[in-house]
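Colleague: Task: produce atomic coordinates for the following.
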Amino acid sequence: MISSGLLVSSAILKDAAGVAGNIFALGLFVSPIPTFRRIVRNRSTENFSGLPYIYALLNCLICLWYGTPLISSNNISVTSVNSVGAVFQLIYIIVFITHAEKEQKVKMLGLLLAVLGIFAIIVVGSLQVTDRSMRRMFVGLLSAASLISMSASPLFIINLVIRTKSVEFMPLYLSLSTFLMSASFFTYGIFNSDPYIYVPNGIGTILGIVQLALYSYYKSKSREDSREPLIVTYA
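Modeller: Predicted structure coming up:
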C-alpha cells in the first residue's frame, strides 16, 4: 500500500511539474512578441538576428521527437511544450524572413531548410534503430546536448551584465521564467527518472539562479532607461 501510494504521489508531482513547466515556458515563447511587433511596424529586421529562433526551432523539434511514445514513455509534457515552442519559433522565423533584406532572407531560408533536413535525418535515422533502449539513448543524448547548448546561451548575457554592470539587457521576467521553467522540468525529470531531462534542466536551473543573483546585485546600478527587448547577435 505504501509503495503504491508513493507511486501515485510521484506521478501526481511529476504531472504538476510538467504543467508548471509548460506554463513558464509559454512566458518565454511570447517574450519576443514586442521585438517582432517592432519589426512588423518598421517593416525591417534592422540589426536583429534571426539565428536564436533557428537554434530554438531545432531544439524544440529534437526535444519534441524525444518526448513522443516512439522514443520515450510518459513524457507528454515534453511533447506538448516543445510542440507549442516549435510553432512559436516557426512563426517568428516566417515573420523575420518576410521583413528581411534579400541577402538575409536567402540565408534564413537556407538555415530553415537545413534545420528541417537535420530533423528529418534524426527522425528517419532513429527509426532505423530497432532496439528501443538504444533508440531512446540516441535521441536522448541529442536532446540533452541541444538543451545544454540552449542553456549555455544565457552565459553571453551574464558576461554582458558583468562587463557593463547593468541588467538593462537581462529583463527580470525573462530570467525568472527561465529559472522557473528549468526548475520545473528538472523536477519533472527527477520524478520520471529521466536523466536526459533532469541533467540539462539542472544546468539551466543553476544558470537561472546565477542570472537572478546578478539581477539582484546589479539592479540598483542599472540605468532606468526603458528599451524594447534586444536580440544580441553572437554569430
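Colleague: Just give the closest residue to Ala86, not the sequence neighbours.
Modeller: Nearest residue to Ala86, sequence neighbours excluded (CB to CB, 6 or more residues apart in numbering): Cys60, at 4.1 Å. In this view, the C-beta of every residue, glycine as well, is placed from N, C-alpha and C.
Colleague: how close does the one you found sit to Gln89?
Modeller: 6 Å (CB to CB, to the nearest Å).
Colleague: swap in Thr35?
Modeller: Applying CB to CB to Thr35 and Gln89 gives a distance of 13 Å.
Colleague: ranges for the helices of this structure?
Modeller: Remark: helices assigned in the chain by DSSP state H are 2-30, 33-42, 51-67, 76-99, 102-127, 132-152, 154-164, 172-191, 195-218.
Colleague: could you give the angle of the second one to helix 76-99?
Modeller: Going by axes from the mean of the first three to the mean of the last three CA atoms, to 10 degrees, helix 33-42 is angled at 20 degrees with respect to helix 76-99.
Colleague: on that earlier part again, want to throw the helices of the chain into a markdown table with mean neighbour count and mean pLDDT?
Modeller: Below are the helices of the chain laid out as a markdown table (neighbours: other CB atoms under 10 Å; pLDDT from 0 to 100):
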| stretch | mean neighbour count | mean pLDDT |
| --- | --- | --- |
| helix 2-30 | 15 | 85 |
| helix 33-42 | 14 | 92 |
| helix 51-67 | 23 | 95 |
| helix 76-99 | 19 | 96 |
| helix 102-127 | 14 | 96 |
| helix 132-152 | 17 | 92 |
| helix 154-164 | 15 | 77 |
| helix 172-191 | 21 | 91 |
| helix 195-218 | 19 | 91 |
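Colleague: Might you report the residue contacts of Tyr92?
Modeller: Taking CB atoms under 8 Å, 6 or more residues apart in numbering, we find Tyr92 in contact with 32, 36, 50, 53.
Colleague: any chance of the residues you listed in a markdown table, with distance to Ser175 too?
Modeller: Shown next, in a markdown table, are the contacts of Tyr92 (distance: CB to CB, whole Å):
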| residue | distance to Ser175 |
| --- | --- |
| Pro32 | 15 |
| Phe36 | 21 |
| Gly50 | 23 |
| Tyr53 | 19 |
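Colleague: Of those, which is the nearest to Gly125?
Modeller: Gly125 lies nearest to Tyr53 out of the contacts of Tyr92, by CB to CB, at 24.7 Å.
Colleague: which one is Met181 nearest to, not counting chain neighbours?
Modeller: In space, Met181 comes closest to Phe24 once its chain neighbours are excluded; the distance is 3.9 Å by CB to CB, 6+ apart.
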